[in-house]
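Enquirer: A structural model of the following input is requested.
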Amino acid sequence: MPLSYSQGTVQEHLACRTEAVIFDVSHLGTVLLSEIDSYDILQHNLSNDLEKISPGRAQYTHLLDSDNASVLDDIIVWWDTENRFYVMPNASNTKRVIDRIGGVDITQTRSILALQGPKSREALRKVIPGAAGVGRFRLAHFDYKGEDVVVAGTGYTGEDGVEISIAGEASIELFNQFIDVGVVPAGLGARDTLRLEAALPLHGNELGPEITPLEARLEWVVSLTKGDFVGRSAYIKRKEEGPRYLLYGAVSQGRQPVRSHMVVYKDGNEIGWVSSGNFSPSLKKAIALIFLRRPLNFDDSVEVDARGRLLSFNIVSLPFITKTP
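Expert: The predicted structure follows:
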């Protein structure tokens, strides 16, 4: 997937907010677990509780470090049938995930297409009849010109849509058919600005070493009511001690974007750093996710050191753009 196609990042972004776009996200990992004990393996190694869902549904979850509960990876699990799971890690973390849970890396045997936007289901209805009825965080199998495809109501944009797993060769024809019915191809640039507006975390930025679900304000991803799992004790210890910093949203009145690792100041004192920042095509302002070592209130102001220039930002509630229910 390129940074952008012919329309450019801003237009691809806005097309996702108003129409429908298609991303080729085949670079993401897919690990297949299909043994009789697959459920138990995932329950022991991942933070969320599969008891909350059932076959035919998907769940967002974390792989935690056993020593300090930092997030080694954030993962979507597609629960297909009783003992069959598709575990979807970030591409660079696929080996790390396999080392913990086992399974078979099938990344090279399939493609993943993400159809996103308020009109995505209209397009889906034209291309894969019946698939438009797949609900949010649900999944089902369909036939596309003799190929079995798995369609899940998941995505990374804050908009309604689906992600489609299909055999590699057939994915080219499917991608082009969506273009033929008016869907806009979108690249990595729009994918990042869309997820940032929706305040969806990116591993390596909002999640990673020394960042637990507590600091990232993702406590709901950790189920302490299920049995023991890797990282549970470390997470409870961190929870008792309290987070060392917390994630906030910040909006500038200007357009100049800030970038990760830039330092955040309050009243001349260094209080945190930017984890992700960019220009928001929807708000037409610069926005940022920032980690702060001291609590602040909505509308409090901070300054970000953008290569020697101090830019003013106001603390706001997240997400920046309301996500589709």
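
Enquirer: With adjacent residues omitted, what lies nearest to residue 5?
Expert: For residue 5, ignoring the flanking residues on the chain, the nearest one in space by C-beta to C-beta, 6 or more residues apart in numbering is residue 185 at 4.6 Å. Glycine gets a C-beta too; all of them are placed from N, C-alpha and C.

Enquirer: partner residues bridging the one you found?
Expert: residue 22 (DSSP bridges).

Enquirer: quick one: low-confidence parts of the chain?
Expert: By pLDDT under 70, the weakly predicted segments of the chain are 323-325.

Enquirer: Break it into its domains for me.
Expert: 9-194, 219-316 (automatic domain parsing).

Enquirer: looking at these, which is buried most?
Expert: By mean neighbour count, with neighbours taken as mean count of other C-beta atoms under 10 Å, domain 9-194 ranks first of the domains of the chain at a mean of 19.

Enquirer: roughly how far out does that domain sit from the chain middle?
Expert: Offset of domain 9-194 from its chain centre (C-alpha atoms, centre = their mean, to the nearest Å): 10 Å.

Enquirer: all strands in the stretch 1-150 of the chain, in order from the N-terminus.
Expert: With strands called from DSSP state E, counting those that start in this stretch, the stretch 1-150 of the chain shows them at 21-24, 31-33, 57-64, 71-81, 84-88, 104-105, 110-116, 139-144, 147-152.

Enquirer: which non-adjacent residue is nearest the residue nearest to the spatial centre of the chain?
Expert: In the chain, the residue lying closest to the centroid (C-alpha atoms, centre = their mean) is residue 156, at 4.8 Å. Leaving aside its sequence neighbours, residue 156 sits nearest to residue 195 (C-beta to C-beta, 6+ apart; 5.1 Å).

Enquirer: What is the neighbour count of that neighbour?
Expert: The local packing of residue 195 (other C-beta atoms under 10 Å) involves 18 other residues.

Enquirer: Run through the residues that contact the residue nearest to residue 5.
Expert: 5, 12, 21-23, 175, 179 (C-beta atoms under 8 Å, 6 or more residues apart in numbering).

Enquirer: repeat for residue 193
Expert: When contacts are counted by C-beta under 8 Å, 6+ apart, residue 193 touches 9, 13, 278-281.

Enquirer: ok, now with 10 Å
Expert: Taking C-beta atoms under 10 Å, 6 or more residues apart in numbering, we find residue 193 in contact with 9-10, 12-14, 16, 157, 257, 278-282, 287.

Enquirer: cool, and residue 11?
Expert: Residue 11 is in contact with 4-5, 21, 184, 186, 190, 281, counting by C-beta under 10 Å, 6+ apart.

Enquirer: Pick out the most distant pair among those.
Expert: Farthest-apart pair in the contacts of residue 11 is 5 and 281; separation 15.3 Å (C-beta to C-beta).

Enquirer: the inter-axis angle of the helix ranked longest in the chain versus strand 147-152?
Expert: Secondary structure of the chain per DSSP state H: the longest helix is helix 168-180. Angle, helix 168-180 to strand 147-152, by axes from the mean of the first three to the mean of the last three C-alpha atoms, to 10 degrees: 60 degrees.

Enquirer: CA atoms only for helix 168-180, dumped as PDB, please.
Expert: Taking Å, rounded to 0.1, in the frame of the first residue of the first chain, the C-alpha atoms of helix 168-180 are listed here in PDB:
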ATOM      1  CA  GLY A 168      -3.900 -13.600  -2.400                       C
ATOM      2  CA  GLU A 169      -4.600 -13.800  -6.200                       C
ATOM      3  CA  ALA A 170      -8.300 -13.300  -5.900                       C
ATOM      4  CA  SER A 171      -7.700 -10.100  -3.800                       C
ATOM      5  CA  ILE A 172      -6.500  -8.200  -6.900                       C
ATOM      6  CA  GLU A 173      -9.800  -8.800  -8.700                       C
ATOM      7  CA  LEU A 174     -11.800  -8.000  -5.600                       C
ATOM      8  CA  PHE A 175      -9.900  -4.700  -5.000                       C
ATOM      9  CA  ASN A 176     -10.400  -3.600  -8.600                       C
ATOM     10  CA  GLN A 177     -14.100  -4.500  -8.500                       C
ATOM     11  CA  PHE A 178     -14.600  -2.200  -5.500                       C
ATOM     12  CA  ILE A 179     -12.900   0.600  -7.500                       C
ATOM     13  CA  ASP A 180     -15.300  -0.100 -10.400                       C
END
